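> sharing a sequence plus its predicted fold:
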Amino acid sequence: MSEASLVDQLKDKGTQSQAFEVLINTYKERLYWHIRRIVLDHDDADDVLQNTFIKVYKNIDGFKGDSKLFSWMYRIATNEALSFLKVKSKKLGISNEELQNHIVDNLRADVYFEGEEIQLKLQKAIAELPEKQKLVFNMRYFEELKYEEISKILDTSVGALKASYHLAAKKIEAFLKSD
């Protein structure tokens, strides 16, 4: 099914629930991993994914088609994940950076984390990055998105994204060499 026809079906009350099921089945895994790379915890990622799909469902009529549906949903998922982290850090009375470090430290105990020591070290290095560099690095390195797609999702120029990615890669490389 083409993206345009899926959007039409999502906006049509008669076909909306079936189309939404198709949407979820098509995008849930990619969105889950995108969110998981931001919040790191499996249960938190599931919660944010659910909130993302609720927002998509409630706001589909506002989707104008200026970007791909996928880009629009990624932007919602990114904003939901970042908002979730802000709320969680506020509840715990710690900074966002402290929360990220706490979550990374707890990854070893996460039954859903299947990484080895080097992957844990990489996650620690990524957690040290500023928010924008972290997002760009994850989308480019793990999700293999093109800079043009990331540009639409984050509403940033391609040049700025390339610079952010380059800086992130250098910082990660330095972190990995430091131990």
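Structure received.
> if you count neighbours, what's buried in the helix or strand of the chain with the lowest mean pLDDT?
When the helices and strands of the chain are scored by mean pLDDT, DSSP states H and E, helix 96-106 comes last with a mean of 77. Across helix 96-106, burial judged by 16 or more other Cβ atoms under 10 Å covers 99-100, 103-104. All C-beta spots, glycine's among them, are computed from the backbone N, C-alpha and C.
> same for the next helix or strand after that helix, what does it pack against?
Next in sequence after helix 96-106, counting helices and strands by DSSP states H and E, comes helix 117-127. Applying 3 or more Cβ pairs under 8 Å, 6 or more residues apart in numbering; DSSP states H and E, one finds that helix 117-127 contacts helix 96-106, helix 131-137, helix 158-178.
> save those as a markdown table, and put in distance to residue 2 too.
A markdown table is the format used below for these (distance: least, Cβ to Cβ, whole Å):
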| stretch | distance to residue 2 |
| --- | --- |
| helix 96-106 | 38 |
| helix 131-137 | 29 |
| helix 158-178 | 26 |
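> deepest-packed of the ones you listed, please.
Per-stretch averages of neighbours, counted by mean count of other Cβ atoms under 10 Å, single out helix 131-137 among the helices and strands packed on helix 117-127, with a mean of 20.
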